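Q: okay, here's the prediction I keep looking at, along with the sequence it came from:
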Amino acid sequence: MKKILSVLLILILSITVLTGCGGDNGGENSFGDTLRVGSIGDISTMDPTNFSDLQTQLAITAVYSRLVKFDKDLKVIPDAAEHWENISDLEWGFTLKEGIKFSDGTDLTAEDVKASLMRAKTQTLVAHIVAYIEDVDIKDDLHFVIKTSKPFAALLSNLADPACSILPSELIESGNDFAKNPVGSGPYVFESWTPSEKAVFVRNENYFDTENASQFEKLELRVIPEGSSRTIALETGEIDINTSVLTSDYSRIKENEKLGLYETTANQLYGLFFNETKEPFNNLDFRKAIEYAVDKEAVIQASQEGLGERLTSILPSAVVGSIDAGYTYDVEKAKEYLQKSGFKQEAGKKFVIRSMSDMNTKMAVVIQGNLKDIGIETEVAQNTVATHMEQCGQGQFEMAIMGWATAPDPDRFLRPLFHKDSLGTNNFSQLKDDEISKKIDDAVGIIDETKRKAAYEEINRELMDEAHVVPITGKAILIGYRAGLKNVYQDGVFGMDFNTIRY
Amino acid sequence: MKRQASEISRKYKKKNQFVDVMVRISKNKMAVLGLIIVIIMVLTAIFADVIADYDDVAIKQNMAIRLQKPSAEHWFGTDEMGRDIFARIVHGTRISLYVGAISVGISLLFGGFLGAVAGYYGGKIDNGIMRVLDVFLAIPAMLLATAIVTALGSSMINLLLAVGIASVPGFARVTRASVLTVRDQEFIEAARAIGAKDSTIILTHILPNCLAPLIVQCTLRIGKAIVFTASLSFIGLGIKQPTPEWGAMLSGSREFIRDNPHMVLFPGLAIMLIVLALNVLGDGLRDALDPKLK
Amino acid sequence: MYRYIIKRILALIPILLGVTFIVYAIMSFQPGDPARTLLGTGATEASIQQLRQEMGLNDPFIVQYARYIWNLLHGDMGISYVTGNDVSFEVFSRFPNTVILAIGAIVFAVAVSIPIGIISATKQYSAFDNIGMIIALLGVSMPSFWLGLMLILLFSVHLGILPSGGMQNGFWSLILPSITLGAESMATITRTTRSSMLEVIRQDYIRTARAKGVPERKVIIKHSLRNALIPTVTVTGIEMGALLGGAILTETVFSWPGMGRLLIDSIGNQNTPVVLGCLVIFAICFCIVNLIVDILYAYIDPRIKAQYK
């Protein structure tokens, strides 16, 4: 009995060692007909107006076109629209490219644009993106005018949002379920989805932008939630692209000759927010003390291995209105301000710093140490995303780590975070400042670029002088890929074009 | 006179019983080893502050020395925040034992009560209680605990409750089985005949006879509770930062597993060691207390 | 026999009701608004309220619960708060993966533990016995997620011969997760098999068989095993129930696309319909497994079989 068992064991072990586990890739530098992409999460739907996660965004932009899109540096470039101009304060004229067809063979016309935008207005998740679009005036198949309800300088960057994907108007009318049956004019056509595993797309042979047609026949988005597994999969050639490389794998991938790494930072504000309805957070000196007490470098070191953007104000550097507010890591100054504020640490009383992810918690723990150094006792509470957002939105917190990533338009940052109308949703600081709210409202309508920049810089400076937030970082975006691929990149709002990748 | 005599003989028997059990255990080498390890862990927990200062060592961040391999200065190396892992494991002992013991205490109280009532009264009450327990058994303990902690927040009390609930059916079953064997014996009938109240009977006559299996259950369940707590911390619920709970330490070191395996090795070893010790001790106790092997 | 089975199936109903009620109740305590999570940051108060109305979230608890049960009886498990897909779609697309994992674990556990248990019993106190018992002890004491991490460290990171996660590589992907999930069961079943074999071997009828000159192999397999297996089968059944819970951890460590991970993610997102959907399936499986174990039990134990003849 024992002998049989041991023989079996040896057999199994040797088979295992000999065959090992090969990736389904032929050689080191060869690529198959499928571009295999490893992501941290699964897509949730194929309906462009019904999602809010980044993985789904990749799938949506692969299958649908919008009027305009972002390039690598978040500048607006043409997609389905060939040309546009700002005719008047409230009117924008667009010209579509000729000969764009949907994957079901029908032509893409102004009708479809209008139907899609009006539909987006009815979808609760994305309505706010198209809120200022009043109506679409169709001149002919390729020409139309978008009318806004107020002067809206951010129209173009909002139109680049995947929520404004163009859908066939007939299918909208017939009540097509785009989540299951996505029909778009993008570089890929949806083929299949195995939840928690992968989503498969095929090249759209009728893609209008023939120069940028996909070189690969198929695109596979695979789900590999565990960071180290994802990196291993890239190293063994099981996947061609890793869209979320762990910051702790940064050097490993950089130093691997067979792999390439694209780095950039997200257009994002990650920082410590205060609930200013609670004592002593309503005290300016107390807040300023914390601004000087936080060692931002250490925070970034702990949470992102030192990668990512160093923020100096509420708006990231890619956004108009970004400034350097001048807060440095200065323990002495922090103690000074703390004394000025008259704060006394009570025994046993600890402020709570809320977080909603492991990365958040790492940031919070460093901040906890920093605050302890100047005499403020805190504890860190990690919750799920849902609970965290709810509690912070409702003002049930003292301090919280929040991340806010959106299009590079200052209004998309300032309005939800600091406008008094956003109280109860995203105005975490509970700011009820009429003046600031008015300034935000006014700035939206300024079209002149110089004036706009000045206006937003002013708002930014005022908010920073009042120390409403301690801005720390924007996440590092690291895309790992097999050497031999070109044009692999991701833009600051986590968007990626797979069709332009070449080998 | 008679009462004094029976009291004396009861006390004498008890003492003898205890010594008896101790002797039998000492013959079981594994169990003794387990007992020693448990004692060491308990001492570590009690004297944690002496071994390594909490504020200065266990939770003090120091980015300059992060992710270091084990060395003479840092026996178990440092973690991603530059904290000494050995110190964190030492303090983690305190938390694990605390949560383990108290949550099992809670289970013992509730489970023991339910089991005793079910076993003693039998019939519909028994059925009813067992059905309710069946429902709880049909929900994976992990899930129930996760739901409780997510819904009610991750305070220490909720955690103790969540971990405790998982062991209640086990204690109830064991208590019920013991009560059933004792219930129909003559001395119980006699007690009832004298007019003793049900609660008196249960507390003074029946439960003492269930002690043996309950003690074994306790020892085994504490081990399970420790692993359970670590599991909850592993998936992100459970003990709050920067408290060095072993499971949380494991979760935090996953992304560093390739270059810094020591971060994953030591907390896991700690968990395994104490659970192993408790299991071996529990087995030894079970054998020592088993009348069949006398 | 049929009566017994029907009775057990009927017993499912109160259990399912109890399970769903308890979890529904607990989930309702959660702070956080599913509508707000769905809409994400950047949503207006108005749109949140509208969504709440659409989702029926403003109705009293009992009404929401009753509505859920009613739909459930019609086979409608509702819609995921996160993706908007049918819950049945979400759950059943991952359910087979968890089943595969569970089967892998049990096969591993049984294939390893029964031989070890038998041999340890027949060669009690030998080196084999001691090593076997130590392995069993380790299996029960190691936290499963740590075992998983250690296995990944050894086989994926160092040796590079097994995948570190996911289901992409077919059979090879199943090996480490099965071992991880099955380790604890393996330990328990080994010990149970060993102790029940020990008891059986000491019985008089075994001594008689040996005295009669029956070859040792036949003594063990034909005479002892059948009786010794009874507690083993029981324990295996209990372990299968525990497996469903343990799958949650194993699936997390190995990124296994099963129900366990879906469950944890959904609890975090307050995705109550999906949580309940998974639970209902879990509970049904649990009861079915218990039922099968009871039937198997009846077949193996001739005493019970006789009762129903």
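A: Arrived safely.

Q: by proximity to chain A, which residue of chain C wins?
A: Using CB to the nearest CB, the single residue of chain C nearest to chain A is residue C:257, 3.3 Å away. Any C-beta I mention is one placed from the backbone N, CA and C, and that applies to glycine too.

Q: ok, residue 275 - contacts?
A: You didn't say which chain, so I picked chain A. With contacts defined as CB atoms under 8 Å, 6 or more residues apart in numbering or on different chains, residue A:275 is in contact with A:281, A:395, A:397-400, A:428-430.

Q: to clarify, I was referring to chain C.
A: Under the criterion of CB under 8 Å, 6+ apart, the neighbours of residue C:275 are B:147, C:23, C:27, C:263, C:266-267.

Q: what of residue A:99?
A: Applying CB under 8 Å, 6+ apart to residue A:99 gives the contacts A:107, A:208.

Q: tell me which stretches of the stretch 151-300 of chain A form helices.
A: Along the stretch 151-300 of chain A, counting by DSSP state H, counting those that start in this stretch, helices occupy A:155-159, A:169-173, A:227-235, A:250-255, A:284-293, A:296-304.

Q: what sits up against the last one?
A: Helix A:296-304 is touched from outside by A:247, A:306-308, A:310-311, A:329, A:359-360, A:362-363, A:365-367, A:370, A:472-473, A:475-476, B:61, B:63, B:66, B:80-81, with contacts defined as CB under 8 Å, 6+ apart.

Q: I'd like the next helix or strand past it.
A: Later in the chain than helix A:296-304, the nearest helix or strand by DSSP states H and E is strand A:309-310.

Q: so which of the contacts of residue C:275 reach chain A?
A: Filtering these for proximity to chain A by CB under 8 Å from any CB of the partner chain leaves residue C:267.

Q: most surrounded residue in the contacts of residue C:275?
A: Among the contacts of residue C:275, residue C:263 has the most neighbours (other CB atoms under 10 Å in any protein chain shown), with 30 neighbours.

Q: for that residue, give its distance to residue A:455.
A: Per CB to CB, to the nearest Å, residue C:263 is found 49 Å from residue A:455.

Q: likewise residue A:176?
A: When residue A:176 is compared with residue A:455 (using CB to CB), they lie 43 Å apart.

Q: what's the spacing between stretch C:182-200 and its chain's center?
A: Centroid displacement of stretch C:182-200 relative to its chain, using CA atoms, centre = their mean, to the nearest Å, is 18 Å.

Q: pull it out as CSV, backbone CA atoms only.
A: Extracted in CSV, the C-alpha atoms of stretch C:182-200 (Å, rounded to 0.1, in the frame of the first residue of the first chain):
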residue,chain,number,x,y,z
GLY,C,182,-9.2,20.8,1.7
ALA,C,183,-6.4,20.8,4.2
GLU,C,184,-8.5,21.4,7.3
SER,C,185,-11.1,18.8,6.2
MET,C,186,-8.3,16.4,5.4
ALA,C,187,-7.0,16.7,8.9
THR,C,188,-10.4,16.1,10.5
ILE,C,189,-11.3,13.2,8.3
THR,C,190,-7.9,11.6,8.9
ARG,C,191,-8.3,11.7,12.6
THR,C,192,-11.9,10.5,12.5
THR,C,193,-11.0,7.6,10.2
ARG,C,194,-8.1,6.7,12.4
SER,C,195,-10.0,6.7,15.6
SER,C,196,-13.0,4.8,14.3
MET,C,197,-10.7,2.3,12.7
LEU,C,198,-9.0,1.8,16.0
GLU,C,199,-12.3,1.2,17.7
VAL,C,200,-13.4,-1.3,15.1
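
Q: name the residues of it that are buried.
A: Across stretch C:182-200, burial judged by 16 or more other CB atoms under 10 Å in any protein chain shown covers C:182-198, C:200.

Q: does that stretch come close to chain A?
A: No - Stretch C:182-200 does not reach chain A (CB under 8 Å from any CB); its nearest approach is 13.7 Å.

Q: residue A:380 against residue A:371, yeah?
A: No - look at residue A:380 against residue A:371 with CB atoms under 8 Å: they stay out of range, at 10.9 Å.

Q: all the helices of chain B, residue numbers only.
A: Applying DSSP state H to chain B gives helices spanning B:2-27, B:29-46, B:48-51, B:85-121, B:123-138, B:141-152, B:156-183, B:186-194, B:198-200, B:207-234, B:246-252, B:262-289.

Q: buried deepest among these, which one?
A: Burial of the helices of chain B is given as mean neighbour count (mean count of other CB atoms under 10 Å in any protein chain shown); helix B:246-252 ranks first at a mean of 26.

Q: list of residues touching that helix?
A: With contacts defined as CB under 8 Å, 6+ apart, helix B:246-252 is touched by A:358, B:79-80, B:85, B:88-89, B:92, B:96, B:229-236, B:238-239, B:241, B:263-264, B:267-268, B:270-271, C:143, C:145-146, C:149.

Q: which of the contacts of residue A:275 tops the neighbour count?
A: Using other CB under 10 Å as the neighbour test, the contacts of residue A:275 are led by residue A:428, with 28 neighbours.

Q: now do the SS call for that one.
A: Three-state call for residue A:428 (DSSP: H, G, I helix; E, B strand; the rest coil): coil.

Q: which residues are in contact with it?
A: A:273, A:275, A:392-393, A:395, A:397, A:400, A:402, A:417.

Q: residue A:354 contacts residue A:384, correct?
A: No - with contact defined as CB under 8 Å, residue A:354 does not reach residue A:384; the gap is 11.3 Å.
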